[in-house]
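In: structure, please.
(one chain, ligands or ions: 2)
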Amino acid sequence: MARVLSLSRCVSAQQPLWLAVRSMSLEQRAREVFAAAVEAVQPDRVVRQCLERSGNQLKVGGQSFKLHHNIHLVGFGKAVLGMAAEAERIVGEHLVRGVISVPHGIQDTLKQHGKEQMLLPNGSRITVMEGAKHNLPDADAQRAAESIRQLASSLTDSDLLLVLISGGGSALLPAPVPPISLQEKQDVTRQLAAAGATIQELNTVRRSISLLKGGGLAACAQPAQLVSLILSDVIGDPLDLIASGPTVQCEMWPEQVWAILERYGLSSSLPASVTEVLRQAGSQTARLGATGSADETRVLNAVIGSNGIALERAGRRARELGLRPLVLSPGVCGDVRSVARFYGLLARFACSPVTPGQPVPLPELADQVLQLGPEVGVESWDIMRTLKVLEDSRDETWGATCLLAGGEPTVQLTGKGRGGRNQELALRTGLELGEGLGAGGGQGPVFLSGGTDGQDGPTEAAGAVTDGGLAAEAQGQGLQTDSFLANNDSFTFFSSLLQGKRLLMPGLTGTNVMDVHVMLLPPPPSYTKAH
Ligand SMILES: Nc1ncnc2c1ncn2[C@@H]1O[C@H](COP(=O)(O)OP(=O)(O)OP(=O)(O)O)[C@@H](O)[C@H]1O
Ligand SMILES: O=C(O)[C@H](O)CO
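Out: Ligands and ions are numbered 1, 2, ... in the order given. Next up, the predicted model:
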């Protein structure tokens with residue numbers, strides 16, 4: 001398996017930093033940049049950065065709160081254990097009690113991965129409840145949601161409720177509006193997800209049939225002060241949709257929910273209880289979901305970690321590694337085929353060698369990139385800004401440009417193999433780079449795609465690193481890339497290729513801000529401006 005070369009390991013007393021950096025391959029640098037992105041959004045780090053305690057004052061988001069043994073804590077999500085451990089370290093004796101709902105088995109898994117700092121110490125005042133096996137709401141998660149509701153409902157106006165939220169929070173906080181049963185709610189969300197609904201659509205429906213989502217938790221916590229710290233795993237960081245927005249008051253209208261259910265052919269096959277809840281609200285033209293609303297002046301919602309924050313830190317690391325950082329967008333989505341094509345075109349635009357009399361067709365390539373933009377969630381403005389920098393870098397002596405992007409592309413599963421969207425994207429982009437630019441002899445662009453949670457689909461890898469030499473390497477080992485792709489078997493492919501050297505294996509990271517893409521683009525071998 002490939003290992004990440006740590007810069008600290010390659011710098012010796014005799015070796016100056018610049019020399020160490022120069023001796024690192026582009027692949028090693030891409031791995032370092034990814035590691036920096038993940039490090040920037042570690043749960044303990046992001047909590048430490050936003051919660052500042054000085055004596056009996058707690059500062060967060062520009063506001064100051066008096067501490068007098070009045071802090072209560074609840075949380076739900078895949079990264080919440082590490083967030084809670086740090087929050088408890090900071091508020092210390094002022095924490096009265098807490099309840100968090102975290103994924104089934106997470107404490108054992110974190111222990112196995114040596115992530116003790118993300119676990120709560122013996123004697124912690126926070127109760128950890130595990131549930132939502134396979135990321136689906138279950139009876140354990142429902143019990144945790146009920147404990148969280150009870151804690152929030154018991155507060156007075158001198159209390160402060162700290163709410164910790166991260167991705168996976170929706171499944172970990174199920175509280176269906178009666179008479180809807182947990183099973184019925186689960187069926188509706190499962191069918192929607194299977195029919196291809198986006199997370200935005202899924203959570204719009206979820207919060208309309210839930211007591212705690214869509215601002216319900218904030219309403220329960222009244223009259224206490226509420227501070228919600230959010231690690232975002234949704235493109236654009238929409239507060240009302242991350243974990244279905246339990247602390248965010250929002251407008252929810254029956255027509256909007258019916259439109260989504262109709263779009264996916266579910267409106268006529270809904271359980272009677274769900275139809276009843278939606279109809280009742282519709283006949284009163286009432287707001288759906290939670291009853292009651294919070295006094296917004298007593299609620300502070302703060303995004304403390306996101307894909308954008310990870311990309312920003314990755315950019316700083318790239319610069320330390322002698323690369324020119326260029327952030328494209330934290331909102332890349334769409335089918336991995338289109339995303340791979342998009343990166344292939346960008347690489348050709350930046351790196352095609354120029355031979356006299358054969359100018360690189362930059363305007364045509366730019367048009368193709370712009371046309372693909374809407375399909376992959378990237379704004380024309382971001383594309384034009386990026387193309388401008390890439391064009392300028394063609395005749396500068398900057399060394400490689402480090403193009404950074406993030407988001408959550410999708411894979412249409414047609415096979416039964418083992419893989420994930422990052423490994424499939426890396427495989428497809430490697431092939432695009434080979435087709436557009438040739439193998440590059442180790443000097444061409446390098447592409448990395450990795451899930452910041454360290455787990456890409458149901459595999460042990462987070463993603464993979466590729467370049468234009470991928471097709472030749474595969475051929476050399478008799479691996480048919482087409483059949484691996486048709487079977488969505490990217491993990492098996494990369495495990496076989498060069499004994500797994502191209503896999504990205506950081507292990508479980510304990511955080512999640514979607515995926516990070518790193519493309520290192522060396523300047524073309526020789527360039528004469530063709531216009
Ligand atoms: N064999 C496969 N090849 C490619 N993609 C796959 C494969 N199996 C599952 N996937 C994709 O992996 C995704 C689920 O994996 P994963 O748990 O990493 O992502 P997630 O649902 O976004 O969860 P998280 O928010 O924790 O990242 C789905 O988008 C699914 O289409
Ligand atoms: O929990 C959820 O709803 C998803 O992870 C999006 O935040």
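In: that's a strand at residue 449, yeah?
Out: Yes: Residue 449 forms part of a strand when assessed by DSSP: H, G, I helix; E, B strand; the rest coil.
In: check the gap between it and residue 306 for me.
Out: Separation of residue 449 from residue 306 (Cβ to Cβ, to the nearest Å): 18 Å. C-betas here are computed from N, CA, C, even on glycine.
In: any idea how far residue 424 is from the spatially closest residue to residue 418 that is not a sequence neighbour?
Out: Closest residue in space to residue 418, ignoring its immediate chain neighbours: residue 491 at 4.3 Å, by Cβ to Cβ, 6 or more residues apart in numbering. Look at residue 491 and residue 424: by Cβ to Cβ, they are 9 Å apart.
In: same question, residue 106
Out: 26 Å.
In: pick out whichever of the two has more residues nearby.
Out: Between residue 106 and residue 424, counted using other Cβ atoms under 10 Å, residue 424 has the larger neighbour count: 31 against 22.
In: which strand or helix spans the more buried one?
Out: helix 421-437 (DSSP states H and E).
In: which neighbouring elements make contact with that helix?
Out: Applying 3 or more Cβ pairs under 8 Å, 6 or more residues apart in numbering; DSSP states H and E, we find helix 421-437 packed against helix 336-351, strand 446-451, strand 463-467, helix 470-476, helix 481-486, helix 490-496, strand 515-521.
In: if we use 6 Å, what do you get?
Out: helix 336-351, strand 446-451, strand 463-467, helix 470-476, helix 490-496 (3 or more Cβ pairs under 6 Å, 6 or more residues apart in numbering; DSSP states H and E).
In: now tabulate those in CSV and tack on mean neighbour count.
Out: Compiled in CSV, those are given as follows (neighbours: other Cβ atoms under 10 Å):
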stretch, mean neighbour count
helix 336-351, 24
strand 446-451, 30
strand 463-467, 30
helix 470-476, 17
helix 490-496, 24
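In: now the ones you listed as JSON lines including mean pLDDT and distance to residue 363?
Out: As requested, these are arranged in JSON lines below (pLDDT from 0 to 100; distance: least, Cβ to Cβ, whole Å):
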{"stretch": "helix 336-351", "mean pLDDT": "96", "distance to residue 363": "10"}
{"stretch": "strand 446-451", "mean pLDDT": "98", "distance to residue 363": "24"}
{"stretch": "strand 463-467", "mean pLDDT": "98", "distance to residue 363": "26"}
{"stretch": "helix 470-476", "mean pLDDT": "96", "distance to residue 363": "28"}
{"stretch": "helix 490-496", "mean pLDDT": "98", "distance to residue 363": "34"}
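In: between those, which one is closest to residue 125.
Out: Among those, strand 446-451 comes nearest to residue 125, with 32.6 Å by Cβ to Cβ.
In: residue numbers of this structure in contact with ligand 1?
Out: 78, 167, 233, 410-411, 413, 417-421, 424, 451, 453, 455-458, 488, 490, 512 (Cβ under 6 Å from any ligand atom).
In: got a markdown table for the helices and strands packed on helix 421-437, with distance to residue 146 too?
Out: What follows is those, written out as a markdown table (distance: least, Cβ to Cβ, whole Å):
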| stretch | distance to residue 146 |
| --- | --- |
| helix 336-351 | 39 |
| strand 446-451 | 32 |
| strand 463-467 | 37 |
| helix 470-476 | 51 |
| helix 490-496 | 38 |
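In: export these to a markdown table and tack on distance to ligand 2?
Out: A markdown table is the format used below for the helices and strands packed on helix 421-437 (distance: least, Cβ to the nearest ligand atom, whole Å):
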| stretch | distance to ligand 2 |
| --- | --- |
| helix 336-351 | 20 |
| strand 446-451 | 13 |
| strand 463-467 | 19 |
| helix 470-476 | 31 |
| helix 490-496 | 22 |
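In: who in the chain is up against ligand 2?
Out: So far as Cβ under 6 Å from any ligand atom goes, the chain lies against ligand 2 at 167-170, 199, 203, 233-234, 242-244.
In: residue 178 is nearest to which of the helices and strands packed on helix 421-437?
Out: Distance to residue 178, taken as Cβ to Cβ, is lowest for strand 446-451 among the helices and strands packed on helix 421-437, at 37.1 Å.
In: name the helices or strands packed onto the closest one?
Out: Using 3+ Cβ pairs under 6 Å, 6+ apart, strand 446-451 sits against helix 26-40, helix 421-437, strand 463-467, strand 515-521.
In: what is the least confident helix or strand in the protein?
Out: helix 7-10 (a mean of 40; mean pLDDT, DSSP states H and E).
In: beta partners for the residue nearest to residue 61 when sequence neighbours are not counted?
Out: The spatial neighbour of residue 61 that comes closest, neighbours along the chain excluded (Cβ to Cβ, 6+ apart), is residue 302 at 4.6 Å. With DSSP bridges as the criterion, residue 302 is bridged to residue 229.
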